[in-house]
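In: 3D, please:
(chains A, B, C and D)
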Protein chains: 4
Amino acid sequence: MAKSKFEYVREFESEETLLPNCWIVVRIDGKAFHKFSAKHNFDKPNDLRAISLMNKAAACVMQEYKDIVIAYGQSDEYSFVLRKVCTLYNRRKSKIMTYINSLFTSSYVYHWHNYFNEKKLKYPPCFDARVILYPTDQNLKDYLSWRQADCHINNLYNTTFWNLVLKGGLTPVEAEKKLCGTVSSDKNEILFSEFDINYNNEPEVFKKGTILLRKKLTHTNSDKYKTVILPFHIDLIKEEFWERNSEVIQMETCQKYEWPEDLPLPDLVSSQLHINVKNKVDIEAD
Amino acid sequence: MAKSKFEYVREFESEETLLPNCWIVVRIDGKAFHKFSAKHNFDKPNDLRAISLMNKAAACVMQEYKDIVIAYGQSDEYSFVLRKVCTLYNRRKSKIMTYINSLFTSSYVYHWHNYFNEKKLKYPPCFDARVILYPTDQNLKDYLSWRQADCHINNLYNTTFWNLVLKGGLTPVEAEKKLCGTVSSDKNEILFSEFDINYNNEPEVFKKGTILLRKKLTHTNSDKYKTVILPFHIDLIKEEFWERNSEVIQMETCQKYEWPEDLPLPDLVSSQLHINVKNKVDIEAD
Amino acid sequence: MAKSKFEYVREFESEETLLPNCWIVVRIDGKAFHKFSAKHNFDKPNDLRAISLMNKAAACVMQEYKDIVIAYGQSDEYSFVLRKVCTLYNRRKSKIMTYINSLFTSSYVYHWHNYFNEKKLKYPPCFDARVILYPTDQNLKDYLSWRQADCHINNLYNTTFWNLVLKGGLTPVEAEKKLCGTVSSDKNEILFSEFDINYNNEPEVFKKGTILLRKKLTHTNSDKYKTVILPFHIDLIKEEFWERNSEVIQMETCQKYEWPEDLPLPDLVSSQLHINVKNKVDIEAD
Amino acid sequence: MAKSKFEYVREFESEETLLPNCWIVVRIDGKAFHKFSAKHNFDKPNDLRAISLMNKAAACVMQEYKDIVIAYGQSDEYSFVLRKVCTLYNRRKSKIMTYINSLFTSSYVYHWHNYFNEKKLKYPPCFDARVILYPTDQNLKDYLSWRQADCHINNLYNTTFWNLVLKGGLTPVEAEKKLCGTVSSDKNEILFSEFDINYNNEPEVFKKGTILLRKKLTHTNSDKYKTVILPFHIDLIKEEFWERNSEVIQMETCQKYEWPEDLPLPDLVSSQLHINVKNKVDIEAD
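Out: Prediction:
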């Protein structure tokens, strides 16, 4: 049973290394989540528990891999951005891709019951992953803008579709037919005239998706701080976002945020956190 | 918020396609399982619950992906072998690698409580994955033989090490020092003379690891059958294994196995199944 | 001018290694040879000087790289087949691809005047190259058969087209129109009825392209032999070819061929060589 | 002889596409040029004919591929830099790499006699090629600086070595031993004290290698101009080079250079050209 006789098979392994000095994006994506969300009776058009669980799983990944400077999630997908100078696993593509994907999946199943309580997970969900390299800061910003624009477009469609079905009494086929060929303004008009909904007033988390950033929380006049991962549901397409969170691109130390005096510094990120946080420099409104 | 302005970023995505007509091996491997097994008090040198959970997770993967004709697991790793002619996801490397890895991870966490009962999972475990191509049947057999030889070598070492520590009263450092430079026969001798253990009598599942094969179970004189995934703890290095399970390499329909009349055909693979199964052609003894 | 300050740029280099145990095919292909052949007044439909030069350049490559066991050329392309077990340049893809391509190009220009005499080369020709891996012997045979079938189809078309233009008085546009939608039998019929040409009697070098093989030449009753590269213009699609030249796939020592007593053993391969050679075992008829 | 039966083999071809928005460097390198230069009695330590031929071959490549904005050569190597936005052959790696390598090789052999006159080329030379991507302008400048620093280091060594051998009467082994462990200042001292050579006064083409740039030549007060490829033997490590030739990085239209009134605008780049050229903005001194 000499191992050495067979060890030649190791030569068939190969290892792709990611080009240095490029932003590394790992995007994970749910497999057949249309079916998965139906089987688990997700609220339509958006299920806040499901979104919070996605954010939790993503925060677990970001907690483990300090090279991730920003993450963006919407629907059943999440993008993780690793610093250009990152040398994690010597930039081996498979290692980075599969560890991040596996930890996300694992965290999703592990934390399920914290978000869905009594509702049991009926079968193990599954995510794929891909790695994309972006050579410049502008390419990276455009990538994230692409995903957020996609979020907006899909959410406007889904919000209109499900109102037509759930409140308007249309069958899914009828709703689909009605929306076929419509532009954004048409959908806004349907929502307003038929369901008295002003799309602009819909929750930001649905319209913008979730941005995870690493920030330092501190109490007023305190030297102590805690580095946590905070969720934001704001516009990242405008340049303003990148100016206010300049540490992402500059790869500087992350910013300090003031934390309410009457609350202890939190241990873990939660999707509710940001509601209470007031940034010293008043970054976000939500 | 025009999506099209940003869509150029898709051109940065690339897709590697796996060479046709080669065996595809996806090997997953636990991240820091030394620490993970310590944190969860796994039995030493082998924890049957942990092994059964690995087998269960692997069977879930094999159940989902019919292109997998054989899987082999030992320690915290599992290898899945996809047929040479497999066209799954058009042989896109990332898709195959990450879906299999994600589903394995997901199933591991999902089924944890069925194997560890009261013992809670303390944090989400994580696995990496790699893809390896083997052009010939012999290369593939040698790959699996390499992993099984590795299982044997590690198990003999671990069995001796942990007997020295748990029964022999040595510290881990002392045990390591004592085993340094020893060959197989030395370890067999230590086990026999010091602990009255004949290594040959150790459980096959520890010495051989687990082979998962797809087989058809049937009752005597019945036309009905059920295709299930069965675990085997037998030698795959000898050519005999490949002759008896010729459907693996030949990619033929899998074999029929006789199932005890007094038992209903099982619904799911379990690590206990094989104990009761008697193959019509008397393949395995365990 | 410290070199070390800049040496980090080496980390951006990457090296792809070709999967072991696969046949390596390097196919080179002329760039814009339609224009090149027009500028140099190549005979139509086939120019024997141009073909001989291609064969010469390919033989130079084969002479240099002993791992090449067979080469096949037609039109402005040549395929070189390296042994499965070849470890040339540690199977680094770029090295193998570019050295073979460069040496072919270099030899083509270097030997031009030996084949075209007074006719000067007007500008430097250019070839691209690609590498393809084939896991099995059958895949390799099918690859070469594909190229030879391509040679036949193109040559039948070109022979008919140029007879229509050169002897039939049609313009190229008219000839193209006439051949549009025709099948092989139609073209055979046009050649026979309009130009009294039996396509089967056309030279084998045009219909079959050129196969280069390494053979040992020897005089009768002599122990001495010379290993040379011989051109064959025979069918390689039929299994007979592979049986008679079994050393190609088997990677055995190449065969001995009897060389006429009244001729000295030749120093260099030439496209005329095979005309005089009588193989002891009567391999080829041409 | 149905081609279609074999066409499945095309699926084994794969195509790597180069990451967009990165500088593409193709570096070619002579195979066994130590032997090649010995066989052709190249002058030592530098042969001006050989350098001029390398420059000519590189200029032919640059003439054909307009995406090349700068090329740098020294010894038996040449680096070609293609614009970040280049879409040549859809950025297919093999195509770009092999076409450039083949055209360089072809031009080298084709133009040999123009530089070596009576001295015949004894056998076809051969070059390999590799492709390297650089995401930022600084990475690219550092790459070229690395090659130029390498040129300087090698030239200082070779100049000292060959003076010791040719004028100092040492054997190559003795010269090598004498230089072992020496630093730059030691070699400068040997050249000065033993051979009365001030290294600083050595020809710039030897010390700096050759930079090829595309420039517009024009006569004073003329609207007409001619775009030509000009050789420079100047320092590119200092930022000044990049300021004066800002079109390289900025990818703007190339600069106008004044051409002597008494000379016709030249048709082709030559290594002598730059000697006569006076840049309007006085860029280079040589």
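In: All the strands of the stretch 151-286 of chain A, residue numbers only.
Out: Using DSSP state E, counting those that start in this stretch, the strands of the stretch 151-286 of chain A run over residues A:210-218, A:226-232, A:256-258.
In: Using a markdown table, lay out these together with distance to chain D.
Out: C-beta here means a position set from N, CA and C on the backbone, and glycine is covered the same way. A markdown table is the format used below for those (distance: least, CB to the nearest CB, whole Å):
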| stretch | distance to chain D |
| --- | --- |
| strand A:210-218 | 24 |
| strand A:226-232 | 28 |
| strand A:256-258 | 30 |
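In: In the stretch 151-286 of chain A, which residue sits nearest chain B?
Out: A:H152 (5.6 Å; CB to the nearest CB).
In: what's the neighbour count on that residue?
Out: 20 (other CB atoms under 10 Å in any protein chain shown).
In: now A:L166
Out: 13.
In: Give the phi and psi angles for the residue nearest to it when sequence neighbours are not counted, as a check.
Out: Leaving aside its sequence neighbours, A:L166 sits nearest to A:K44 (CB to CB, 6 or more residues apart in numbering or on different chains; 6.7 Å). Main-chain dihedrals, A:K44, degrees, to the nearest 10: phi -120, psi 140.
In: Now for A:F12: which residues touch it?
Out: B:I132, B:L133, B:Y134, B:N139, B:Y143, C:L19, C:P20, C:N21 (CB atoms under 8 Å, 6 or more residues apart in numbering or on different chains).
In: Tell me which of these fall in helices.
Out: Among these, the members falling in helices (DSSP state H) are B:N139, B:Y143.
In: What's the local residue count around the residue of the stretch 1-150 of chain A found nearest chain D?
Out: Proximity of the stretch 1-150 of chain A to chain D (CB to the nearest CB) peaks at A:P135, 3.7 Å away. Using other CB under 10 Å, A:P135 is surrounded by 24 other residues.
In: can you check A:K95 too?
Out: Neighbour number of A:K95 under other CB under 10 Å is 17.
In: for the one 10 residues further on, same thing?
Out: Number of residues near A:T105 (other CB under 10 Å) recorded here: 32.
In: Then A:D196?
Out: 8.
In: SS state for the spatially most central residue of chain A?
Out: Nearest to the geometric centre of chain A sits A:G73, at 1.8 Å (CA atoms, centre = their mean). At A:G73 the chain is in strand, as set by DSSP: H, G, I helix; E, B strand; the rest coil.
In: Please verify my assumption that it contacts A:S79.
Out: Yes: the criterion here is CB atoms under 8 Å, and A:G73 meets it with A:S79 at 7.3 Å.
In: Tell me how far the residue of the stretch 151-286 of chain A closest to chain B lies from A:R244.
Out: 20 Å (CB to CB, to the nearest Å).
In: try A:T220
Out: For A:T220, the distance to A:R244 - CB to CB - is 20 Å.
In: between those two, which one's more packed in?
Out: Taking neighbours as other CB under 10 Å, A:T220 and A:R244 compare with A:R244 leading, 16 against 9.
In: ends of stretch A:9-21, how far apart?
Out: End-to-end distance of stretch A:9-21 (CA to CA, to the nearest Å): 33 Å.
In: One more: stretch A:215-222?
Out: 16 Å.
In: which of the residues in it are buried?
Out: A:K215, A:L217, A:T218, A:H219 (16 or more other CB atoms under 10 Å in any protein chain shown).
In: in chain A, which ranges drop under the pLDDT threshold?
Out: A:1-2, A:251-255, A:262-286 (pLDDT under 70).
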